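1. Model the following, please.
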Amino acid sequence: MRTVPAAVGARAPHVEDRRSRGLTTTRRWIQEGDLVKALREAETATSPEELFQCQLQSDNPRGNAWVKPEGAVRSIAGCGYESIYFTIYLNRSNPTLRARMKLPFGYCFASLPVVDREWNWFLEWALNTLDPLGGASATQDFFNRTVSRILPKSEYRFARLGLARADQYGKCWLMLDSLFPQPQGSWIRDHRPGLS
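-> Predicted coordinates for the structure are as follows:
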């Protein structure tokens with residue numbers, strides 16, 4: 001088996017970054033079910049320690065988790081989830097979404113930042129549609145009464161967790177890199193009939 005050198009500047013645990021040559025694009029879209037199936041086969045963890053092959057740390061039981069960079073073996077991992085709830089923070093003009101997620105093996109992440117691009121676009125659309133005058137109360141209600149009920153029922157229920165680069169204190173904070181199923185515009189239209 002030939003090993004591929006880590007990308008220039010890659011530091012543990014971010015060693016999955018690899019140089020790639022000769023990749024070709026395809027005009028075929030991969031279906032969400034096929035993608036989730038492939039991710040489950042490649043990276044499903046069955047315990048908190050199995051996620052990044054190290055012990056998860058937390059400074060606050062209601063806050064986010066982190067790992068020591070020298071202890072983690074990888075920077076991305078996947079797992080199923082049983083339930084998920086959201087908190088929306090309106091930080092100036094940049095709203096942020098955080099998730100509380102219970103995993104099948106009993107572990108609960110209290111506050112994961114959601115960095116999934118599709119989910120952040122969906123958040124912005126929901127805020128503009130459901131809370132056009134500002135605030136986030138209707139959107140928060142929609143996420144936790146509607147979306148939090150839809151997601152656990154999906155056969156594509158899967159989360160990819162990533163590690164941010166180490167901060168000034170040497171902590172790699174966890175983030176919700178990809179959340180499946182991906183959001184659907186019909187959820188908002190079904191929540192508020194008559195919206196376009």
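2. next one: stretch 121-139 to chain centre, how far?
-> Chain-centre distance of stretch 121-139: 20 Å, with Cα atoms, centre = their mean, to the nearest Å.
3. Could I get the average pLDDT for stretch 189-196?
-> For stretch 189-196, the mean per-residue pLDDT is 69.
4. Over to stretch 71-78?
-> Across stretch 71-78, pLDDT averages out at 89.
5. quick one: buried residues of it?
-> 72, 74-78 (16 or more other Cβ atoms under 10 Å). Glycine gets a C-beta too; all of them are placed from N, C-alpha and C.
6. Show me what the lengthiest helix in the chain is packed up against.
-> When the chain is parsed with DSSP state H, its longest helix is helix 117-130. Contacts defined by 3 or more Cβ pairs under 8 Å, 6 or more residues apart in numbering; DSSP states H and E place helix 117-130 against strand 94-102, helix 137-142, helix 185-191.
7. which residues in the chain form strands?
-> For the chain, the strands defined by DSSP state E occupy 57-58, 65-67, 76-79, 83-91, 94-102, 108-113, 158-163, 172-180.
8. For my notes, please list these in CSV and give distance to Pro152 for each entry.
-> As requested, the strands of the chain are exported to CSV (distance: least, Cβ to Cβ, whole Å):
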stretch, distance to Pro152
strand 57-58, 24
strand 65-67, 21
strand 76-79, 14
strand 83-91, 6
strand 94-102, 9
strand 108-113, 14
strand 158-163, 11
strand 172-180, 12
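9. Among these, which comes closest to Ala138?
-> strand 83-91 (10.5 Å; Cβ to Cβ).
10. From the chain's centroid, how far away is that closest one?
-> Centroid separation for strand 83-91 versus its chain: 12 Å, with Cα atoms, centre = their mean.
11. Quick check: which helices or strands does that strand pack against?
-> Against strand 83-91 (3+ Cβ pairs under 8 Å, 6+ apart) you get strand 94-102, helix 137-142, helix 148-150.
12. mind checking which of the ones you listed is nearest Trp125?
-> Comparing the helices and strands packed on strand 83-91 by Cβ to Cβ, helix 137-142 comes nearest, at 9.6 Å.
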